[in-house]
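# Sequence and predicted structure are below.
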Amino acid sequence: MNVSEEKYRILKEYFGHTEFRTGQEEIIDSLCSERDVICIMPTGAGKSMCYQIPAIMRSGITIVISPLISLMQDQVDSLILIGVRAAYINSSLTLGQYSRVLQLMQDNFYKIIYVAPERLENENFLAACRNIEVSMVAVDEAHCVSHWGQDFRPSYLKIAEFVKIFPKRPVVGAFTATATEHVKKDIEKLLQLENPFSVTTGFDRPNLFFTVMTPQTRITELLRIISERHSRSGIIYCSTRKNVEKLCDIINENGYSATRYHGGLSEEEKKKNQDDFVFDRIPIMVATNAFGMGIDKSNVSYVIHFNMPKDLESYYQEAGRAGRDGSEAECILMYTPLDIRMAKIFISNIDDNPDLTDEAKAHLKKCEEDRLRFMILYCTTHDCLRWFMLRYFGEKEHGRCGKCSNCVSNYKLTDITVETQKILSCIVRMNQAYGVKMICDVLRGISGSEITELGFDSLSTYGIMRDYSEDKIRGIIHSLIFQRYINTSEDRLPILSVSKSSAAVLKGKERVFAQLLKEEKTETNENEINTGLLMKLKDLRKNLASRASVPSYVIFTDAALNDMCRKKPKTLVEFSSVSGVGAAKLDKYGEFFIKAIREYEENNPGT
C-alpha cells in the first residue's frame, strides 16, 4: 500500500472520515516526506490529526510537546479508544506512573507521547529519549515560543536544543491556532525549523457572530443574554477568580444552572466541574482563561467575555471555542474602560516573573502593551469586527461580513479624507506632543487656559471641526490609529504623532474611509410610524431570529422595520429600497415581510 492509500486508510479506519479538511493532507504529506512544517489553523480545524496520522504511519515514536494537561489527557484517552498506543508525561503523574511510562517508552510500546515543555529539562526523560527512535517532534501551541505571542513560555525555548539530542534529527511540526506574521517568523527561527512547509488555512470562522457591547450594567445584560439562550451550552469568561465566583453565584441564584473553573479550585473540583460542563450536565461554565485549552466540546453555542481580554490572540482563541461543530454561534464581548486598568495590572505582573531577565521583561512588556492597544481598538472600532481581526492576523480585507454587531448596526462606510487631513494637520501643528483629549479640544475650538497659554487658539486648525462631537473625532482617530496613519506612544496617556503613510493623505494623493454612525434625519416624525404594523413586524422578526438562533437585529434593525412601515412595500423590487435590505436579506426574508405587511393592511383597512 502506497503512502497516499495508507493515509486515507488511517483516516477512515482510525478517525472515521473519508476526506481531509483544508490543509490537512498537505501537512501530512510534508511530515511523511521528512519536511518540517508550520501549521496555522483556527480552533476546531483539525490540527491534531495533522501530526497523529503521520505518527501512526511512521516507524518510531512521536513526541508531542504541549503546555495543556487537559488536552494531553483528552487526546491520549481518544487515541487509546481508537486503538493507538499513547501516553502523557506531566505533573499529574505519580512517581510510579512516571517510571512506568518511561519504561514502556524505552520498550517502544507507544506510538505517541505527550509531554509538558518543562519536562525537556528532566535528565531521566532525556536519558530515556536517547535510547529510542524518535521520528517526529510535534510542537502544539507553538506561539508560546515567541515573546510576541500571547502566552510566551520560557520553557519553549528549550525545544530546539532538545531536538538536537537525537542521533538522527526527527522531523519537526509546529502547530498553532493564532499567530501574526511576526510570531510565525519567530516560530520558524526559535524552533530552528529547516525549510518548513507552511500552511495557513485562514483565521475566518464564518459560523461565528461577533458582538461588542458597552452595557450600563453588565450583570443585568448578562442575565438577559442567558435568559434568551436558556438551556444552550455557553462559556462566560472573567478576568479574575473573584468575578468567576460572584457571577456563578448570581447566575444560579437567578434560576439558571452554572458551574465554575479557575486556578484557585482543587484539582478534584476542577475536574468535576469540567466534566459536568463537557458532558452537558450543566450548560453554563463561568471561568477564567485557565479553562478551555484542549477542551473539545463541539456544541458551545455562545462565548461571553464579561471582561475585555488582554489581547486579540487570546480573545480569538477563547471566542473560537464556540461553534466548533460548524453550527451558528455567538461571541459576545462586554467592554468598559475599567477593563483597561485591569489589563495593565496583568502586564505589570511581568516584573514578578523570576524566569525572565530584565531585558526579556522589558521586551515582553512592550509586546503586551502593543497587543493591548489593538484589543482596545477592537472594542471601540465602528469597522467590521471580523475584518478588524482578520486584518490584524495578516489576512487581506474581506469587506463587511454582515455577521457582526457593527455590520448590522447603524453604521456606514464613509469617506473621511477631509476629516483625516484636518486631524493630521492639527497633530503636526501641535508638534506631535499631545494626546487625544487635547487634539479633540483644539479641533473643536474649546476655550481653556491651557490652550490659550500654549497659543493653540491661534492655530489654523483651532475650531476647524467645531461641528463634530468629541466622541465622533475620537472614533475617527481610533480608526486612523488602526489604519496606521497615526502612531501612539507607550505612555500612560499616549501621545499622537503622524506616520510616514500619512504624507500621501496630507498631499491629497490618497483617500481614507471608515465606518461612521449614520446621521439620523431629525425631521422624521415618530407619528408617521404605524405602531400596530411595527409590532407585527417585530413579532415576525423575533420568530425568524428564534428559528435562526440569532439576535433579532441580525435579521433587520429597528431602523429597517421603521422604513418598512413608512414605505409598505408590495413587491420585492419595492422591498429592495428599504434601508438595510441587501440582496441576501431580500432573497431570504423579503416575501415574509411583504406578506406580513399585506395581511396587516387587509385586516386594518385605512391605516
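Structure received. Numbering: from 1, shown residues only.

# use CA for all of it now, contacts and neighbours both
Fine.

# Keeping just the C-alphas, turn the helix or strand where residue 103 lies into CSV.
Take DSSP states H and E as the rule and residue 103 turns out to sit in helix 95-106. Coordinates of each C-alpha in helix 95-106 appear next as CSV, following Å, rounded to 0.1, in the frame of the first residue of the first chain:
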residue,chain,number,x,y,z
LEU,A,95,6.5,8.9,40.5
GLY,A,96,5.4,5.3,40.0
GLN,A,97,3.3,6.1,37.0
TYR,A,98,6.1,8.3,35.5
SER,A,99,8.6,5.5,35.8
ARG,A,100,6.2,3.0,34.2
VAL,A,101,5.6,5.3,31.2
LEU,A,102,9.4,5.8,30.8
GLN,A,103,10.0,2.1,30.8
LEU,A,104,7.2,1.3,28.2
MET,A,105,8.5,4.2,26.1
GLN,A,106,12.0,2.6,26.0
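
# what packs against it?
Under the contact criterion of 3 or more C-alpha pairs under 8 Å, 6 or more residues apart in numbering; DSSP states H and E, helix 95-106 touches strand 86-89, helix 123-130.

# Show me what counts as buried in it.
Within helix 95-106, the residues that count as buried by 16 or more other C-alpha atoms under 10 Å are 98, 101, 102, 105, 106.

# Identify the residues contacting the last one.
Listed by C-alpha atoms under 8 Å, 6 or more residues apart in numbering, the contact set of residue 106 reads 128, 129, 131, 132.

# Farthest pair within those residues?
Taking C-alpha to C-alpha as the measure, these reach their widest spread between 128 and 132, a distance of 7.0 Å.

# shared neighbours of those two, anything?
With C-alpha under 8 Å, 6+ apart, residue 128 and residue 132 have common neighbours 105, 106.

# which ones are touching residue 204?
42, 386, 390.

# Please report phi then psi for it.
phi -70, psi 140 (degrees, to the nearest 10).

# can you check residue 382 too?
According to degrees, to the nearest 10, residue 382 has phi -100, psi 0.

# So residue 514, which state does it fall into?
strand (DSSP: H, G, I helix; E, B strand; the rest coil).

# Now do the same contact list for it.
Counting by C-alpha under 8 Å, 6+ apart, residue 514 has contacts 382, 383, 413, 414, 415, 416, 476, 479.

# Correct me if wrong: the first one contacts residue 516.
The one in question is residue 382. Yes - applying C-alpha atoms under 8 Å, one finds residue 382 in contact with residue 516, separated by 6.4 Å.

# returning to that earlier point: quick one, which of the contacts of residue 204 are buried?
Of the contacts of residue 204, these count as buried by 16+ other C-alpha under 10 Å: 42, 386, 390.

# What does the pLDDT read for the second one?
Right, the one you point to is residue 386. The pLDDT attached to residue 386 in the predicted structure is 91.

# now residue 485
In this model, residue 485 carries a pLDDT of 92.

# ok, and the most crowded of the contacts of residue 106?
Ranked by neighbour count (other C-alpha atoms under 10 Å), the contacts of residue 106 have residue 129 at the top, with 20 neighbours.
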